[in-house]
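Visitor: quick one: sequence plus predicted model below, questions after.
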Amino acid sequence: MRTSAVAGLIFANSDDKLKELTANRSLASVPFGARYRVVDFALSNLVNTGVTSVGIITTENYRSLMDHVGNGIAWDLDRKNGGVYFIPPYYKRGVKRFADTISALVGAYDYIKKCGADYIVLYDSHIIANIDLSAALKAHKKREADVTVIYHNGKLPEKSAKKMILSLNDDERVNSITFSEGEYMASFGIGISIINKDLLLKLIRDAEDDGLTSFAREVIAEKTSELKIYGFEHSGYTAIMDNAATYYEASMDLLCKDIRAQLFDKTRPIFTKVRDGMPTRHGVNAKVSNCIIGDDCVIEGTVKNSILFRGVKIGKDAVVENCILMQETEIGNEAQVSNVIADKNVVVADGVIFKGTKEKLCFIDKKQIL
């Protein structure tokens, strides 16, 4: 089964973050950027590093994720040796599903043991970034590290949940790890780490025996004096999506050309499942400015500063501003929507006015009719 010195392990649910969009899907399969899913960034970063074996740990609502990833052909992971492995959320009799990161890793124990790799990349799925994991792995080997934590040095997102804060030496050796929130400058882990396989297997066994639940808080953070833990900085654009507000901000960031250039670097492409469709059609009175628009849309009204996924329809004289409209959403004639996140297959009827603010976004659940 050995295909690469490195294997990936993606946590598809990432502690139930972004609850508004994960009632019927895993976080990894949340739509992003008009044509992608969040998991596309994790899978692409891994395969761009040469990883040919990826395990995806599921907890619940994973049907759409399995449909999107399939056999991994979009990421060149449809292989006889290696490939994509879905790890179901049941690891022993009497346990309904994984309850925490330790039980999830216990469930993935056989995959980790048999994957044939020397190093495992643990990857939370709520991260939007294009990361040079090859450089991180090179640094990990050179330093003979036990664990390398990918971090970003910057301001903690104001509306985000608690982050892993790293205290680093000049050589990026981690002195201590704490968890904090609030808007201030820090070196914070972004949810990706590289760890030696045999060490990971030992830590999983010990954590299960001790009844621990959190791999980051109760294992890694508690062993900074015992293990050689280093940081590796990712200085490029990074978005960590903990809730609807941070998802909205990350999506709107795509309207900036410089950020798009960082995320969609041609030397490290972001792959996704291909869906064939017609080009978007614009009516004679359509007005579109500063938008990202997927295939097969029909626009007959005005759209500003928005992201439209595939198959969205905007009616005559409708006004859409500062919105994220997911697949097959329909905005009726003369309707007005602003500062709205609309899930798939939403219908806003003719003449309806539905407006939020940047401070208080409005969310429309999947298949709702207004």
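Guide: Nice, I can see it.
Visitor: now do the buried residues in the helix of greatest length in the chain.
Guide: In the chain, with assignment by DSSP state H, the single longest helix is helix 197-209. Across helix 197-209, burial judged by 16 or more other C-beta atoms under 10 Å covers 197, 200-201, 203-204, 207. Using the backbone N, CA and C atoms, a C-beta is placed for each residue, glycine as well.
Visitor: can you tell me the closest non-neighbouring residue to P88?
Guide: Take P88 and drop its neighbours on the chain: the residue closest to it by C-beta to C-beta, 6 or more residues apart in numbering is T58, 6.1 Å away.
Visitor: one step back: what mean pLDDT does the longest helix of the chain get?
Guide: Helix 197-209 shows a mean pLDDT of 96 in the predicted model.
Visitor: all helices for the protein, in order.
Guide: Ranges of helices in the chain, per DSSP H, are 39-47, 63-69, 101-107, 109-114, 133-142, 197-209, 215, 244-253, 257-263.
Visitor: looking at it, A104 is touching P88, isn't it?
Guide: No - the criterion here is C-beta atoms under 8 Å, and A104 misses it with P88 at 11.0 Å.
Visitor: wait, what's in contact with K113?
Guide: L201 (C-beta atoms under 8 Å, 6 or more residues apart in numbering).
Visitor: so how far is S251 from it?
Guide: Distance of K113 to S251, given as C-beta to C-beta, to the nearest Å: 38 Å.
Visitor: surely F264 touches N130?
Guide: Yes - counting by C-beta under 8 Å, F264 touches N130, with 7.2 Å between them.
Visitor: and the two? Which one has more around it.
Guide: N130 (21 against 14; other C-beta atoms under 10 Å).
Visitor: what sits against the more buried one?
Guide: 41, 44-45, 236-237, 262-265, 268, 270 are the contacts of N130 under C-beta under 8 Å, 6+ apart.
Visitor: quick one: closest of the helices of the chain to G356.
Guide: G356 lies closest to helix 244-253 among these, at 9.8 Å (C-beta to C-beta).
Visitor: got the CA coordinates for that closest one in CSV?
Guide: C-alpha atoms of helix 244-253 as CSV (Å, rounded to 0.1, in the frame of the first residue of the first chain):
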residue,chain,number,x,y,z
ALA,A,244,-21.5,32.2,9.4
ALA,A,245,-19.7,35.6,9.9
THR,A,246,-16.2,34.2,9.2
TYR,A,247,-17.5,32.1,6.3
TYR,A,248,-19.1,35.3,4.8
GLU,A,249,-15.9,37.3,5.3
ALA,A,250,-13.8,34.6,3.7
SER,A,251,-16.2,34.5,0.7
MET,A,252,-16.3,38.2,0.3
ASP,A,253,-12.4,38.3,0.4
